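Asks: With the sequence up front, the predicted model follows.
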Amino acid sequence: MFFRGDFAGAAAMIEPYDKKTEGRDKIIYCMDRGIILHSAGEYKRSNDYLLEAAEIVRKYDLIHWDYEVGKFITNENLEDYRGEDYERILVHAFLALNYIGLNQMDEARIECKQIDQTLNYVIQQRGIDYKQSKFSILLSAMIYEELGEYNEALIDYKRLYNLDQYDPRAKEGLMRICHLLNWKDELQQWEKTFNAKFSPAPADSGELIVILESGLAPEKVPHPDLVIVPKYQKRHAGIRRIKIRAGNIIAFTELLDDIENNMVSTLDERFVGLLAKRAVALGVKMVTADLIAKEIEKKDKEAGKIVGGILKTLAYLSEKADTRGVYTFPADLQMSRIKLPKGQYSVELHYQDNNNSSVGYETRQINIEPGKKSWIIIRTVH
C-alpha cells in the first residue's frame, strides 16, 4: 500500500506488528514504521519510532570499534543492521519535519542540530567529505527565524551562502535578517555584494512553506562486478516537482537535498573498504577450511581433500552482499517559500512529471498570519 501512495492504509495495515521490533533488523523496522506514519501525517506516533531508531544508532556508535572488527570475520547479514550513513542523517531530518507538523519548533531546532552532529560524526569515522545538507541548514535558519532568534538564523543563512553563493534563498535570507536586526551597515554590504536592493515584505504578510518529499530512495543490490558487496540502484520517480498556485501567485518546489544521488555516490566511494572487509572475512574462512581439511587428511587423505573443497565452496557462497536497508525514504527533498498577504487560501497543488505535464492535482486549505509561517508537507512515491 505504501508504495502505491496509500500511506494511511499502509500505517493501518502494519498496526498488529507494533511490538515486534526485536531482532537484527530492528532499526529498519523502526525507521520504516516512522517514515510510513510520517507520510500518513501521524507525526507524534512517527516520532516514537524515529526516536527509538536514533537511540539505537547512538548505542551502536558507542561500540563502533568492536562492531567493525566483528564484521571482518562474519557475514554482515548475520550482524545487527546499523543503518547506512544517510539513513542515520535522514532520521533526524524527518524528526525535525514531524516537530514542525506538530508546531513544536524548539524540538525541530534540536533535530536540525542533530543532523549536523551526525553528519560530522560520519565524516570523522569514514574519512569521506560528505556534502553538507542544504535542506537542514535552510530548515534550521527558518526555524530560528520563526522563533525570533535572528542572530542564530543569520549564522545559518551565512552557512548556506558559503555552501552555495548562487542560492537566492541564502541571499534573500541574509538581507532579510539584517533588516530585522536593524543592522543597516551589514545590510548595505550584502546589497552591494549581491547588486540588489532589499524590499521588506508588507507588515501584514506571512509565508507559505511547501515541502515535497518526492519519490523513493535507491535500494541495495549485489554489485554487478562483485556480488559480495552492495551497490545502490536508483528507482523510478514520476513526479519531478509541484506547481503551486496561492491566490494570484504561482511558484514551484525546488530541489534542496538530492538524497538519491548522495546515497549512490557515498556507497560507491566506500566500495574499496567494503571489498577489503569481505576479502578478509573470506580469507579467514578459507584458512579455517584448510586447517579442518588437514586434520581430516591425517586419517583419510582423500576425505580431507573433499571436505576442504566443500568447506571452501560454502565459505564463498556464504559471503553475500548485505542488501538490507530502509526503502521508504524519499529520493529527494524540495521546498518552495511563498510570501502572501494574511488570509485564508485554497492552495492548488499541481504534480508535474519530467515533461512538466500535470499528473495529479489537489487543494489544501491554509491560513496565513502576519509574520508567521504556514507549512504544507507532502509525500509522493511515484
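Replies: Received it, and whenever you're ready, just let me know what you need.
Asks: So L97 is in contact with L212, correct?
Replies: No. At 11.4 Å, L97 does not count as touching L212 under the criterion of Cβ atoms under 8 Å. For glycine as for every other residue, the C-beta is placed from the backbone atoms N, C-alpha and C.
Asks: Look at those two and report which has more neighbours.
Replies: More neighbours surround L212 than the other of L97 and L212, with 28 against 23 (other Cβ atoms under 10 Å).
Asks: from the chain's centre, how far out does the helix or strand containing the more buried one sit?
Replies: Assigned by DSSP states H and E, L212 falls within strand 205-214. How far strand 205-214 lies from its chain's middle: 18 Å, per Cα atoms, centre = their mean, to the nearest Å.
Asks: Adjacent strands (with direction) for it?
Replies: strand 332-341 (antiparallel), strand 373-379 (parallel) (DSSP bridges).
Asks: What's the first helix or strand after that strand?
Replies: Per DSSP H and E, strand 205-214 leads on to strand 219-222 as the next helix or strand towards the C-terminus.
Asks: Report the buried residues of the helix or strand that that following strand is followed by.
Replies: With elements assigned by DSSP H and E, the helix or strand that comes after strand 219-222 is strand 230-233. By neighbour count on 16 or more other Cβ atoms under 10 Å, the buried set for strand 230-233 is 230-232.
Asks: between the next helix or strand along the chain from strand 230-233 and strand 205-214, what angle do the directions make?
Replies: For strand 230-233, the following helix or strand on the C-terminal side (DSSP H and E) is strand 241-246. Between strand 241-246 and strand 205-214, the angle comes out at 160 degrees (axes from the mean of the first three to the mean of the last three Cα atoms, to 10 degrees).
Asks: Let me see the contact set for E362.
Replies: Going by Cβ atoms under 8 Å, 6 or more residues apart in numbering, E362 touches L349.
Asks: Can you tell me the SS state at it?
Replies: The assignment at E362 comes out as strand when based on DSSP: H, G, I helix; E, B strand; the rest coil.
Asks: Look up which residues are beta-bridged to it.
Replies: Beta-bridge partners recorded for E362 (DSSP bridges): L349.
Asks: And the pLDDT at it?
Replies: pLDDT for E362: 96.
Asks: Can you tell me how far it is from L174?
Replies: Distance, E362 to L174, by Cβ to Cβ, to the nearest Å: 34 Å.
Asks: Kindly report the same for E297.
Replies: Taking Cβ to Cβ, one finds E297 at 75 Å from L174.
Asks: For these two, indicate the residue with more neighbours.
Replies: A side-by-side neighbour count of E297 and L174, using other Cβ under 10 Å, places L174 first with 25 against 15.
Asks: Tell me the buried residues in the helix or strand containing that one?
Replies: Per DSSP H and E, L174 falls inside helix 168-180. Buried residues in helix 168-180, defined by neighbour count with 16+ other Cβ under 10 Å: 169-179.
Asks: Kindly export it (C-alpha atoms) in PDB.
Replies: Only the C-alpha atoms of helix 168-180 are listed here, as PDB (Å, rounded to 0.1, in the frame of the first residue of the first chain):
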ATOM      1  CA  PRO A 168      18.800  33.000  -3.900                       C
ATOM      2  CA  ARG A 169      17.300  31.700  -0.600                       C
ATOM      3  CA  ALA A 170      20.700  32.400   1.100                       C
ATOM      4  CA  LYS A 171      21.000  35.900  -0.400                       C
ATOM      5  CA  GLU A 172      17.400  36.900   0.400                       C
ATOM      6  CA  GLY A 173      17.700  35.400   3.900                       C
ATOM      7  CA  LEU A 174      20.900  37.300   4.700                       C
ATOM      8  CA  MET A 175      19.400  40.600   3.700                       C
ATOM      9  CA  ARG A 176      16.100  40.000   5.500                       C
ATOM     10  CA  ILE A 177      17.700  39.000   8.800                       C
ATOM     11  CA  CYS A 178      20.000  42.100   8.700                       C
ATOM     12  CA  HIS A 179      16.800  44.200   8.100                       C
ATOM     13  CA  LEU A 180      15.000  42.500  11.100                       C
END
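Asks: and it, what does it pack onto?
Replies: Helix 168-180 sits against helix 134-146, helix 150-163, helix 184-194, with contacts defined as 3 or more Cβ pairs under 8 Å, 6 or more residues apart in numbering; DSSP states H and E.
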